[in-house]
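1. Got a sequence here, can you model it:
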Amino acid sequence: MLSTTLSNRPISSVLVGLLCLVTTSAICCLCSGISPNTRCIASEKTALLQFKQGLLDESNVLASWENQKDCCEWRGIACNNQTGHVIMLDLYYNSSDVYNVETPLRGVTAPSLLELQYLSYLDLSNNYFERMIPKFIGSLSQLKVLKLAGASFTGPIPPQLGNLSNLHTLDLARNVVTFENLEWLTHLSSLRYLNMSGLNFSESVNWPQSISKLPSLVELQLSSCNLPNVDLRSLPIINSSTTLEVLELSDNLLNSSIFYWIANVSTKFVHIGLMGDQLQGPIPVVFANMISLVSLDLSYNHLEGGIPKSFQNLCSLESLNLWENKLSDRLENSVENLACSEGTLKSLFLSGNPFWGSFPAELTQFVSLRELYIDGKRIIH
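-> Predicted coordinates for the structure are as follows:
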């Protein structure tokens, strides 16, 4: 398009136009307080440098954080292109990368970060702070994403986090933090993703009620949380939004009343993880209305009987893990109840259960099946 324009206009006209464009851009930058050469706002640069002073950076991760450089070009920093305000501080340390030769940052989260009032994204995950989560974070009112997972924070979670009304992602997993209750959490009405896996919920008997008050929640991660073994059927049902799609509650000591809560909190589940939760008795019929369910993990429990007829409605199911339970149904009968997922089921884990009967010929009709684990002395292959 540009070449066509140049061929149809005098070169002098084009040069004048370009000059006007450059001049206009410079004027816009000056009007908004941004130099055409340096977009960074001075007070925010100073705040970030003060934050850096409180960190031990053994791998020189923040080498680009120099006063003479534009802070919008620093590692882990992003700015608004029009205003120059810092909107992202991402110092995530990738601890899972075996080729990562850098070491995590250590130190304190300096209150100078309060100067970043337009900050919408803050990620300090997998570093070593070993102090309380700062209360002042609750004053960063524009925050939409807060990730502090595995950052060695200790002490009580500041209830001031409940002031972050714009927050849609909160990840506090794998810290040594405590909390008396989750009342602060109920104020985060915009929250869509919540991960508190690895935190100690043993005293939080009201956790189901608090979660039910999050009307926008889509994904909930609460693995290995010591969730208290309370009878969830005794709790009042709270009319919540049916937005919850991903529920991960694996490695907790729950009872089968969790199924009752699941049935009432949402019908739009895509994934449910209840691995290793000491669940007993037959698989309940609560899954009958979960027609969007793609993945279900009930492995390493004490479930009995077989795959219920309610699974005949799960036509989108791609993965079913029932490994290491006490399911003792006739195998053909259980597989028949999966007929609706013949075209979608990719993984089926039934090992470690005393199923009996012949190897189901119906499994040959599961055209998408890639993983199949079945064993048992009474199974005829």
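
2. Give me the mean pLDDT for stretch 227-243.
-> Taken as a whole, stretch 227-243 has a mean pLDDT of 65.

3. okay, how far is it across it, tip to tip?
-> By C-alpha to C-alpha, to the nearest Å, the extent of stretch 227-243 from end to end equals 22 Å.

4. ok, now stretch 197-205?
-> So stretch 197-205: terminal residues 16 Å apart, C-alpha to C-alpha.

5. And the contacts of it?
-> With C-beta atoms under 8 Å, 6 or more residues apart in numbering as the test, stretch 197-205 has contacts from 172-175, 177-182, 207, 210, 221-228, 230, 248. C-beta coordinates here come from the backbone N, C-alpha and C atoms, glycine included.

6. what about 10 Å?
-> 149-150, 157, 171-182, 196, 207, 210, 220-230, 235, 248-253 (C-beta atoms under 10 Å, 6 or more residues apart in numbering).

7. Strands along the stretch 101-250 of the chain, start to end?
-> Using DSSP state E, counting those that start in this stretch, the strands assigned to the stretch 101-250 of the chain run over residues 106-107, 121-123, 145-147, 154-156, 169-171, 176-178, 193-195, 219-221, 246-248.

8. Tell me which other helices or strands the first one touches.
-> Same thing as strand 106-107. Using 3 or more C-beta pairs under 10 Å, 6 or more residues apart in numbering; DSSP states H and E as the contact test, the elements touching strand 106-107 are helix 42-53, strand 55-56.

9. With respect to burial, which of those scores highest?
-> Most buried of the helices and strands packed on strand 106-107 by mean neighbour count (mean count of other C-beta atoms under 10 Å) is helix 42-53; its value is a mean of 17.

10. Give me the mean pLDDT for it.
-> On average, helix 42-53 scores 97.

11. so how far is it off the chain centroid?
-> Centroid separation for helix 42-53 versus its chain: 29 Å, with C-alpha atoms, centre = their mean, to the nearest Å.

12. And for stretch 270-280?
-> 18 Å.

13. Please point out which parts of that stretch sit buried.
-> Val270, His271, Ile272, Gly273, Leu274, Met275, Gly276, Asp277, Leu279 (16 or more other C-beta atoms under 10 Å).

14. Equivalent analysis for stretch 333-344, please.
-> Neighbour count says stretch 333-344 has Ser334, Val335, Glu336, Asn337, Leu338, Cys340, Ser341, Glu342, Thr344 buried, by 16+ other C-beta under 10 Å.

15. Cool, thanks, signing off.
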